[in-house]
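> output the structure for:
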Amino acid sequence: MRTGSAIFISSLFASAAVAQNVEPLINGFANRDLFRLTFQDEFNGSTLDTTRWTHTFTGKRWDATLVPEAVTVGGGNLAIKTWSEPSGSQFRNYTGAVSTYHKFSQAYGFYEARIDFDSSPGMWSAFWVHSWNMTGNLPPELLNRPDLIGAEIDVVEHRRIDQNNADLSAAGAQAVHWNGYGTNQAAQSNVNWTHNLASGFHTFGLLWARDRYEFYYDGEKVWTFTNANGISSIEQFMILSTEVQGGNWAGALPTGGYGTLATTSTMFKVDYVRAFTFNQDDLPPMTPEPASFTSLIGLSAVCRRRR
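The predicted model follows:
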């Protein structure tokens, strides 16, 4: 996907007033001058900036309806609320998602968001970088062609519990999906427990280079992905989303719903989203990250797919 130059330039120039001395949070990275800011939203206004974001996946999706009303901006944050309304003897659930689709995209770079997860059973929230070519069953000639199809890169996914009711509120998951979402889907994923995500804001980053993805939590590298079949070389866009699906990856839906729009505490708050570009030849070599649980799988049991 190509980004219209007029939209890209207006988005970048609108950020200039607050872009002074903005650097990615990468501990131990000496050459900060390597990075050039290309996208920034600090959510300092009172409404969603539609020059940067568009409402995504609107309509029925899994066990919720995604609506623009779920997404608000205020107090320096973007918030995506999840709530329920009575529907006969059951509840109808609502949530939302936004993306930079047709607003901003790039290949490679560093992507960063500062997020506070207030998750509940039956739902999960995510910050991810995506290609719309990643869809459905791909023909054989398009398998392992990230130069054409791209990949789904999950910078962070958060859920309260898993399908066995295990408490995962302190953990975050990263994953890469490629070869579409059909029978040939491939995925590699990592669950990181070194940063307690159960409360407060945390910073999540993705360094996307020609030969790897590096994932960062609060400036610390937690995982490196190097499988060439999943390393995209095409422009991709960013997504902030919450999804609801009971009885599966994120556990059962709450029997009493998520509360009303006014009373719900199930919320995905984002302080800022930034993206940077860099000269690939100036990147330092890969360095090891702390040991954490990693699994290589066909269809990810760690990151439940949305398509």
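
> what bridges to S125?
Going by DSSP bridges, S125 is paired in beta bridges with H158, T242.

> same check on S87?
Q90.

> quick one: contacts for L197?
Applying Cβ atoms under 8 Å, 6 or more residues apart in numbering to L197 gives the contacts F117, H158, S169, A170, A171, G172. For the C-beta atoms, the positions are set from N, CA and C on the backbone; glycine is no exception.

> for ChimeraX, write the selection for the buried entries among these.
Command for ChimeraX that selects the buried part of the contacts of L197, burial taken from 16 or more other Cβ atoms under 10 Å:
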select :117,158,169,171,172
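
> looking at the contacts of L197, which is nearest N279?
Nearest to N279 among those: G172, at 29.5 Å, using Cβ to Cβ.

> wait, is E214 part of a strand?
Yes - E214: assigned to a strand according to DSSP: H, G, I helix; E, B strand; the rest coil.

> what about it, how many residues close to it?
21 (other Cβ atoms under 10 Å).

> test my guess that it contacts L207.
Yes - contact criterion Cβ atoms under 8 Å: E214 and L207 qualify, at 4.1 Å.

> rewinding a little: just the closest of the contacts of L197 to D63, please.
Nearest to D63, judged by Cβ to Cβ, of the contacts of L197 is H158 at 17.7 Å.

> give the contact list for that closest one.
Shown in contact with H158 (Cβ under 8 Å, 6+ apart): F117, S119, W124, S125, A126, A171, G172, A173, L197.

> circling back to that earlier point, out of the contacts of L197, which is nearest to Y94?
Nearest to Y94 among those is F117, at 18.2 Å by Cβ to Cβ.

> give me phi/psi at that closest one?
The phi/psi pair for F117 (degrees, to the nearest 10) reads phi -100, psi 120.

> list the buried residues of stretch 192-201.
So stretch 192-201, judged by 16+ other Cβ under 10 Å, has buried residues N192, H195, L197, F201.

> for V155, see how far away the third one is.
As for L197, its distance to V155 is 13 Å (criterion: Cβ to Cβ, to the nearest Å).

> again, but for the first one
Distance of N192 to V155, given as Cβ to Cβ: 12 Å.

> any common contacting residues for those two?
Common neighbours of N192 and V155, using Cβ under 8 Å, 6+ apart, are Q174.

> name the strands paired with the host helix or strand of L206 and say parallel or antiparallel.
Secondary structure assignment for L206, by DSSP states H and E: strand 201-209. With DSSP bridges as the test, strand 201-209 is paired with strand 109-118 (antiparallel), strand 212-217 (antiparallel).

> so what touches it?
With Cβ under 8 Å, 6+ apart as the test, strand 201-209 has contacts from 24-26, 107-116, 127, 129, 153, 155-156, 172, 195, 213-219, 232, 269, 271, 280, 283.

> now do it: distance to the chain's middle.
Offset of strand 201-209 from its chain centre (Cα atoms, centre = their mean, to the nearest Å): 10 Å.

> quick one, phi psi at the residue nearest to N192 when sequence neighbours are not counted?
Excluding the flanking residues, the one nearest N192 by Cβ to Cβ, 6 or more residues apart in numbering is V222, at 4.5 Å. Main-chain dihedrals, V222, degrees, to the nearest 10: phi -110, psi -20.

> V222 and V191 touch, don't they?
No - applying Cβ under 8 Å as the test, V222 and V191 come out as separate, 9.7 Å apart.

> neighbour-wise, which of these two wins?
Taking other Cβ under 10 Å, V222 and V191 do not tie; V222 has more neighbours (24 against 20).

> quick one: the more buried one from N196, how far?
Distance from V222 to N196, counting by Cβ to Cβ: 13 Å.
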